[in-house]
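Student: give the three-dimensional model of this entry:
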Amino acid sequence: MAASVAVRLEFGGGAELLFDGVKEHHVTLPSQSEAWDMEQLLVWIQRNLLKERPEFFVQGKTVRPGILVLINDADWELMGELKYQLQDQDNIVFISTLHGG
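Tutor: Okay, the predicted model is just below:
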């Protein structure tokens, strides 16, 4: 069984508006049979933190195009995207690059 994982989630560029305007969340993900990965984290975020307009944050099983994701200050594309296994004390940042005009 995988241990619980404490991570810092940060939302910016307007993405925080989908989370009641809260930019930073310190969360502890519960222990489960397998290690936590980004795909599971996105499901957890939708169920536990996302307050409105999920279509502005997720598309299918991944983040919507226009949301930049950084894992410990590195582009998640370099880290394996959805398959990245979360480590205790990871810092995950979601930045919206979509702006109305």
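Student: run through the bridge partners of residue 12.
Tutor: Here residue 12 sits in beta bridges with residue 95, going by DSSP bridges.
Student: now do it, the pLDDT please.
Tutor: As predicted, residue 12 sits at a pLDDT of 95.
Student: now it: how far from residue 29?
Tutor: Here the criterion is C-beta to C-beta, to the nearest Å. By it, residue 12 lies 21 Å from residue 29. (Each C-beta comes from the backbone N, C-alpha and C, glycine too.)
Student: same check, this time on residue 39
Tutor: Shown here: residue 39 relative to residue 29, a distance of 13 Å by C-beta to C-beta.
Student: quick one, which of these two is more surrounded?
Tutor: For residue 39 against residue 29, the residue with the higher neighbour count under other C-beta atoms under 10 Å is residue 29, and the figures read 18 against 14.
Student: residue contacts, the closest residue to that one other than its chain neighbours?
Tutor: Excluding its sequence neighbours, the residue lying closest to residue 29 (C-beta to C-beta, 6 or more residues apart in numbering) is residue 5, at 4.7 Å. Contact partners of residue 5, counting by C-beta atoms under 8 Å, 6 or more residues apart in numbering, are 28-29, 36, 86-88, 90.
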